[in-house]
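A.B. asks: here is my input, please return the structure:
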Amino acid sequence: QVQVVESGGGSVQAGGSLRLACVVSGLRFSSYRTAWFRQAPGREHEAVAIATWSGVEEYYADSVRGRFTISRDNAENSLYLQMNNLKPEDTAMYYCAVMLTVGTTWRQTQYRGQGTQVTVSS
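C.D. replies: Reported below is the predicted structural model:
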């Protein structure tokens, strides 16, 4: 049974930083692309960042490029998202996801967690 568990969300002021973490169990983590998605109220899920199985940073949304960094530790079955210079528009539920196919859409995720809330105040 695959489990995906996120942590690290919280409330910060604009300009602050947070580091999200995700632990995946029940599959060979090192074989899969992994991603962070987010969903703000009333909006669709949006891919924030994607890393290849080896940790190469494959994709960043234009809105976060230069502020967010995705990384992974295959030995620990873990995925991370370092978020710096946070803005109120970054407020959303953030999800860790395992992707089995090429692409950047939510429907292409295979396994995902329950999410961790990030709230940025101005």
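A.B. asks: distance of the residue nearest the centre of the chain relative to residue 48?
C.D. replies: Of all residues in the chain, the one closest to the mean position by CA atoms, centre = their mean is residue 36, 2.0 Å from it. Shown here: residue 36 relative to residue 48, a distance of 4 Å by CB to CB, to the nearest Å. In short, each C-beta sits where N, CA and C put it, glycine included.
A.B. asks: identify the contacts common to these two.
C.D. replies: The contact sets of residue 36 and residue 48 overlap at 70, 81, 94 (CB atoms under 8 Å, 6 or more residues apart in numbering).
A.B. asks: looking at these, which is nearest residue 41?
C.D. replies: Using CB to CB, residue 94 is the member of the shared contacts of residue 36 and residue 48 that lies nearest residue 41, at 13.4 Å.
A.B. asks: in what helix or strand does that closest one lie?
C.D. replies: Using DSSP states H and E, residue 94 falls within strand 92-99.
A.B. asks: could you point out the helix or strand that follows that strand?
C.D. replies: strand 109-112.
A.B. asks: can you list contacts of that following strand?
C.D. replies: 2, 4, 24, 27, 35, 37, 95, 96, 97, 98, 99, 100.
A.B. asks: buried set for that strand?
C.D. replies: The neighbour-count check on strand 109-112 (16 or more other CB atoms under 10 Å) flags 109, 111, 112 as buried.
A.B. asks: before we move on, what about stretch 47-64?
C.D. replies: 47, 48, 49, 50, 51, 58, 59, 60, 61, 64.
A.B. asks: could you work out the end-to-end span of that stretch for me?
C.D. replies: One end of stretch 47-64 to the other measures 10 Å (CA to CA, to the nearest Å).
A.B. asks: residue 90 touches residue 61, doesn't it?
C.D. replies: No - with contact defined as CB atoms under 8 Å, residue 90 does not reach residue 61; the gap is 10.4 Å.
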